[in-house]
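**Q** Here is my input, please return the structure:
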Amino acid sequence: MQAVAKAVEQNYSIKELDVSANPFQDAGAAALFKAVLSSNCLRRVALRGVKLSRDLRARLEEVRSEKPETIIVE
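**A** A predicted model of the protein is given here:
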């Protein structure tokens, strides 16, 4: 997931990202959430079927409040 996050940070045209049903580890999810925050073009992220720890769920809510223009689908 860290490679995906790096690609999102370096891509200036990606508008949607679907990482549904992928196994997440805390470091990869944290990197992805950081990339979502830094992206100016990403508008939709799909996380269907992704199991997040309590800490990651809290971080996801922070991302939602800091970046309300990006739709995050669970």
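**Q** how about the helices in this protein?
**A** 2-10, 26-38, 54-66 (DSSP state H).
**Q** Need the winner for burial among those.
**A** helix 26-38 (a mean of 18; mean count of other C-beta atoms under 10 Å). All C-beta spots, glycine's among them, are computed from the backbone N, C-alpha and C.
**Q** name the helices or strands packed onto the lowest-mean-pLDDT helix or strand in the chain?
**A** The weakest-scoring helix or strand in the chain, judged by mean pLDDT, DSSP states H and E, is helix 2-10 (a mean of 90). Helices and strands touching helix 2-10, by 3 or more C-beta pairs under 8 Å, 6 or more residues apart in numbering; DSSP states H and E, are helix 26-38.
**Q** rewinding a little: is it possible to get JSON lines of the helices of the chain that adds distance to residue 19?
**A** Shown next, in JSON lines, are the helices of the chain (distance: least, C-beta to C-beta, whole Å):
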{"stretch": "helix 2-10", "distance to residue 19": "7"}
{"stretch": "helix 26-38", "distance to residue 19": "7"}
{"stretch": "helix 54-66", "distance to residue 19": "12"}
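**Q** circling back to that earlier point, can you show me the CA trace of the least confident helix or strand of the chain as CSV?
**A** This file holds the C-alpha atoms of helix 2-10, laid out as CSV (Å, rounded to 0.1, in the frame of the first residue of the first chain):
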residue,chain,number,x,y,z
GLN,A,2,2.9,2.3,0.6
ALA,A,3,3.8,2.1,-3.2
VAL,A,4,0.2,3.1,-4.0
ALA,A,5,0.4,6.0,-1.6
LYS,A,6,3.7,7.2,-3.2
ALA,A,7,2.1,6.9,-6.7
VAL,A,8,-0.9,9.0,-5.5
GLU,A,9,1.5,11.7,-4.2
GLN,A,10,3.4,11.8,-7.4
